[in-house]
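Trainee: This is the structure alone, sequence omitted:
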Ligand SMILES: [Fe+2]
Ligand SMILES: [Fe+2]
């Protein structure tokens, strides 16, 4: 069993909580994407898949840091409750908002107070991506509530996900490099 230095105990606990959150978000979004496709909301499905891929990258990044700090990577995956796509979008949005407003700022403050650069980097990458996810889910909710199924939510579309930090973008050529981690744009994954 690896051991965790006393000064890293809280940071590792936070990383594990974030790892669990990201792993469950990934599971949720994949199920929500299937439901959105079933509902003919293929653009919303693309968004769920892109955000899901980003959460998977965040989970892997958090897991790597947990191991580097001597922790044991484990988490519980909960059963996904799939409702209507509108409700699923709202569930996704509230999860993202919690991460953006509460969870990551708290975890970042703790890691910053400890000067833990590994944790700061992985939390920052996740926080920045979740902001975009929250914005896009919010947009999709407004469109769906307005009955605008002929907008982007209705047809499969491309999203671009940074393979290093999970930054998610809806436009091609938005940047030459990832604005969060500087990864070159040509390495971005295209998710439909
Ligand atoms: Fe997210
Ligand atoms: Fe990035």
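Mentor: Received the coordinates, thanks. What you are looking at is a predicted structure, and each value in this text was computed from that prediction instead of being measured. Numbering: from 1, shown residues only. Ligands and ions are numbered 1, 2, ... in the order given.

Trainee: dump the residue contacts of the most centrally placed residue in the chain.
Mentor: Closest residue to the average C-alpha location of the chain: residue 55 at 3.5 Å, with CA atoms, centre = their mean. The contact partners of residue 55, by CB atoms under 8 Å, 6 or more residues apart in numbering, come to 22, 23, 25, 26, 29, 166. Placement of C-beta: from N, CA and C, glycine included.

Trainee: In which helix or strand does the single nearest residue of the chain relative to ligand 1 reside?
Mentor: At 3.6 Å from ligand 1, residue 133 is the closest residue in the chain, using CB to the ion. If you go by DSSP states H and E, residue 133 is part of helix 117-145.

Trainee: Tell me if the helix or strand bottoming out on mean pLDDT in the chain is near ligand 1.
Mentor: None of the helices or strands of the chain scores lower by mean pLDDT, DSSP states H and E than strand 168-169, at a mean of 93. No: using CB under 5 Å from the ion, strand 168-169 never reaches ligand 1; the gap is at least 7.6 Å.

Trainee: which other helices and strands contact that strand?
Mentor: helix 42-68, helix 117-145, strand 159-161 (3 or more CB pairs under 8 Å, 6 or more residues apart in numbering; DSSP states H and E).

Trainee: possible to save these as JSON lines with distance to ligand 2?
Mentor: Shown next, in JSON lines, are the helices and strands packed on strand 168-169 (distance: least, CB to the ion, whole Å):
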{"stretch": "helix 42-68", "distance to ligand 2": "9"}
{"stretch": "helix 117-145", "distance to ligand 2": "6"}
{"stretch": "strand 159-161", "distance to ligand 2": "9"}
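
Trainee: returning to what we had before: among the contacts of residue 55, the buried ones, what's the ChimeraX command?
Mentor: Per 16 or more other CB atoms under 10 Å, the buried members of these correspond to this ChimeraX selection:
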select :22,23,25,26,29,166
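
Trainee: Residue 63 and residue 73 touch, don't they?
Mentor: Yes: Residue 63 lies in contact with residue 73 (CB atoms under 8 Å); the separation is 4.6 Å.

Trainee: Show me whatever sits in contact with both of the two.
Mentor: With CB under 8 Å, 6+ apart, residue 63 and residue 73 have common neighbours residue 19.

Trainee: Which of the two has more residues huddled nearby?
Mentor: Neighbour comparison, residue 63 and residue 73: the larger count goes to residue 63, with 21 against 16 (by other CB atoms under 10 Å).
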